[in-house]
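[1] Would you be able to build a 3D model of this:
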Amino acid sequence: SLGLFAYVVARPPPAAERIVDVRIRPPETPETPSAPPAESPPPPSRDRAAAPPSDLPPPAVVREDEPVPEPSGEEEAAAVPGELRPGVSGPGTAGLIGPGSGGAGSGGRPGGAGAARGERSSRGSPAPIERGLAWLARRQLPDGSFGGISSIRQVAGGDGEAQREYRIAETGLAVLAFLGAGHTHREGRHREVVRKAVSYLRSRQRPDGAFLPDPPDPAGRPLYGQGLAVLALAELLRRSGSRSVTGTLTAGVRYLERVQTPYAGWRYRPGDRDSDTSVTGWQVLALAAARRAGIPVNPASFEGAREWFLRVTEERTGRAGYRRRGLGSLSMTATALACRLDLGLSRTAPAARGARRLLASNLPAWPKDPAAAPPGNPPDVTYWFFGALAATRFGGDLAPAWRRALRSLLLPRQAKEGPDAGSWEPPGRWSRVGGRVFATASILLALEIALDLPSALR
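    I've put the predicted structure just below:
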């Protein structure tokens, strides 16, 4: 997954594509460049004295070199329920369903949550989800964060060891995985895990709204973390109704608006003058979730993202590129389709129909021999998550096909014993960048959609 050149002339949208809730009008003619996005209003004051009382703990002050605490026998029993009861309705609120989505939600359809072989925890989530969350909870670092080389046990061949430090991004992913199963900082058996993780994210925000780890990310790609932190906080606000994160979330949104490449998307770092589909996809999810949570978002940000996806997508086939048209991949195609449907793209548009055909003919695969992976469809957790999201938003027969494929692919591959029980081995090139925490959190997000949990991210 990675970026494209940036400055481009804005042009009127085709009739098949409209941005929902966007109040600016496109330029009448393409001869002159659009004016740059309007200056974002300054973030509201986040003076804690003026803010409503917080129901989150203050940021913990913890030494970075403290070991990951191992759970006691009592904690272990609480984290992995022993009693499984079929047919218990799941906790949480209705999923995030954007404009243009279809086939989302629960309701007992074939391929829904009941397909998890009737195996549910006492909280209502399928047992494989609860086992995965219990493993994640054990991997939380003392400061509340997730990820990083220090938190991941090296396995044979190095497949489970993170190659880089993505502390903010992996913490955001982990929070989303817990939220997707109905656990917030106020309710659920993992509420303390969520509280600590959210407290960590808030403690890492600078006055300008940027989320940065300490020590800084040596890979130098902070906007992945920014998007995932904003997405996690927006979903927390939307699901729990807690206003204690509103100031932090609003400042994070304003930062994303300011660092967007003019008339395009986002790249790795603030100040980059180009964009890429991978980073842009996470920012679009984040800003759309923030808007649904009641945070005002500059419409120009959605307009720029829409222009970016148009630029990198072959409209006839629906294949989207990473930084330019013509060099597309399945992962970028799924990312672009999921985002464009949320930005108002009609499912009858040629690009949507073409992308749907690509996703339908390239269902998730995980061959024993990586060399035997289908050409162009290697194991890729990002493709699985965005593909599940795009299939759910597109609806029709694509959604149940993806749900069935993900269940049959991922449920048997969950580790059943030892210290890795509940997690997944990182498959493919990009999963090894984040290691087992990244892979497990991403797979949980995809499975929550595949198992049709009512609180899954949609």
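[2] residue ranges for the helices of the stretch 201-350 of the chain, please.
    222-240, 246-259, 277-292, 299-312, 330-342, 350-360 (DSSP state H, counting those that start in this stretch).
[3] Which elements pack onto the first one?
    In terms of contact count using 3 or more C-beta pairs under 8 Å, 6 or more residues apart in numbering; DSSP states H and E, helix 222-240 is assigned the packing partners helix 167-180, helix 191-203, helix 246-259, helix 277-292. Where you see a C-beta, it was placed from the backbone N, CA and C, and this is true even at glycine.
[4] so which of the ones you listed gets nearest residue 426?
    Taking C-beta to C-beta, helix 167-180 is the member of these nearest to residue 426, at 12.0 Å.
[5] mind exporting that closest one as CSV, just the C-alpha atoms?
    Below are the C-alpha coordinates for helix 167-180, written out as CSV (Å, rounded to 0.1, in the frame of the first residue of the first chain):
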residue,chain,number,x,y,z
ARG,A,167,2.0,2.8,18.0
ILE,A,168,-0.8,5.3,17.3
ALA,A,169,-2.2,3.5,14.3
GLU,A,170,-2.2,0.1,16.0
THR,A,171,-3.9,1.5,19.1
GLY,A,172,-6.6,3.0,16.9
LEU,A,173,-7.1,-0.3,15.1
ALA,A,174,-7.3,-2.1,18.5
VAL,A,175,-9.9,0.3,19.8
LEU,A,176,-12.0,-0.1,16.6
ALA,A,177,-11.9,-3.9,17.1
PHE,A,178,-13.2,-3.6,20.6
LEU,A,179,-15.9,-1.2,19.5
GLY,A,180,-16.9,-3.5,16.7
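[6] Going by contacts, tell me the helices and strands next to it.
    helix 127-138, helix 191-203, helix 222-240, helix 428-450.
[7] Out of the ones you listed, which gets nearest to residue 383?
    Using C-beta to C-beta, the nearest of the helices and strands packed on helix 167-180 to residue 383 is helix 428-450, at 9.0 Å.
[8] Would you mind getting the angle between that closest one and helix 222-240?
    10 degrees (axes from the mean of the first three to the mean of the last three C-alpha atoms, to 10 degrees).
[9] could you give the angle of helix 428-450 to helix 277-292?
    Going by the same axes, to 10 degrees, helix 428-450 makes 30 degrees with helix 277-292.
[10] Out of the helices and strands packed on helix 222-240, which is closest to residue 232?
    Taking the helices and strands packed on helix 222-240 one by one with C-beta to C-beta, helix 167-180 is closest: 4.0 Å.
[11] Give me the pLDDT for residue 245.
    pLDDT, residue 245: 96.
[12] whoops, residue 53 was the one
    36.
[13] what do you get for residue 327?
    The model's pLDDT for residue 327 equals 81.
[14] What residues does it make contact with?
    Neighbour list for residue 327: residue 321 [criterion: C-beta atoms under 8 Å, 6 or more residues apart in numbering].
[15] go on, the one 4 residues further on?
    Counting by C-beta under 8 Å, 6+ apart, residue 331 touches 1, 278, 380, 382-383, 386.
[16] which non-adjacent residue is nearest it?
    In space, residue 331 comes closest to residue 383 once its chain neighbours are excluded; the distance is 4.1 Å by C-beta to C-beta, 6 or more residues apart in numbering.
[17] gap between the one you found and residue 236?
    From residue 383 across to residue 236, the span is 26 Å (C-beta to C-beta, to the nearest Å).
[18] sorry, back to before: ranking the helices and strands packed on helix 222-240 by burial, who's on top?
    helix 167-180 (a mean of 28; mean count of other C-beta atoms under 10 Å).
[19] thinking again about what came up before, which one of the helices and strands packed on helix 222-240 lies nearest to residue 416?
    Comparing those by C-beta to C-beta, helix 167-180 comes nearest, at 19.2 Å.
[20] relative to helix 222-240, how tilted is that closest one?
    Going by the same axes, to 10 degrees, helix 167-180 makes 20 degrees with helix 222-240.
[21] quick one: helix 167-180 to helix 127-138, angle?
    Using the same axes, to 10 degrees: helix 167-180 against helix 127-138 is 140 degrees.
[22] can you give me the mean pLDDT across helix 167-180?
    96.
[23] and what of stretch 283-303?
    Rounded mean pLDDT across stretch 283-303 is 98.
[24] shaky segments in the stretch 201-350 of the chain?
    217-219 (pLDDT under 70).
[25] mind checking the SS state of the residue lying closest to residue 196 once chain neighbours are set aside?
    Sequence neighbours aside, residue 144 is the residue nearest to residue 196 in space, at 3.5 Å (criterion: C-beta to C-beta, 6+ apart). Following DSSP: H, G, I helix; E, B strand; the rest coil, residue 144 is assigned to coil.
[26] returning to what we had before: can you tell me the helix or strand for the residue nearest to residue 331?
    Here residue 383 sits within helix 381-394, counting by DSSP states H and E.
[27] quick one on the thing from earlier: between the contacts of residue 331, which sits nearest residue 206?
    Among the contacts of residue 331, and counting by C-beta to C-beta, the member closest to residue 206 is residue 278, at 23.8 Å.
[28] Now do that closest one against residue 390, distance only.
    From residue 278 to residue 390 the distance is 14 Å (C-beta to C-beta).
[29] Select only the buried ones of the contacts of residue 331 in PyMOL?
    Here is the PyMOL command that selects only those of the contacts of residue 331 that count as buried (16 or more other C-beta atoms under 10 Å):
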select buried, resi 1+278+380+382+383+386
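[30] Just send the contacts of residue 331 back as JSON lines, with distance to residue 197 too.
    JSON lines is the format used below for the contacts of residue 331 (distance: C-beta to C-beta, whole Å):
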{"residue": "1", "distance to residue 197": "24"}
{"residue": "278", "distance to residue 197": "23"}
{"residue": "380", "distance to residue 197": "25"}
{"residue": "382", "distance to residue 197": "21"}
{"residue": "383", "distance to residue 197": "25"}
{"residue": "386", "distance to residue 197": "23"}
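[31] Identify, from the contacts of residue 331, the entry nearest to residue 288.
    The closest of the contacts of residue 331, once distances to residue 288 are taken by C-beta to C-beta, is residue 386, at 13.8 Å.
[32] got a list of what the closest one touches?
    281, 331, 334-335, 338.
[33] Residue 412 - how many residues pack around it?
    By other C-beta atoms under 10 Å, 10 other residues sit near residue 412.
[34] meant to ask about residue 316, not that
    Residue 316, neighbours per other C-beta under 10 Å, totals 10.
[35] and if you look at the one 5 residues further on?
    Summarising burial for residue 321: neighbours were counted as other C-beta under 10 Å, giving 20.
[36] tell me the mean pLDDT over stretch 377-391?
    93.
[37] any chance of the helices and strands packed on helix 167-180 in JSON lines, plus distance to residue 180?
    Conversion of those to JSON lines gives the following (distance: least, C-beta to C-beta, whole Å):
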{"stretch": "helix 127-138", "distance to residue 180": "8"}
{"stretch": "helix 191-203", "distance to residue 180": "12"}
{"stretch": "helix 222-240", "distance to residue 180": "8"}
{"stretch": "helix 428-450", "distance to residue 180": "4"}
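[38] Lovely, talk soon.
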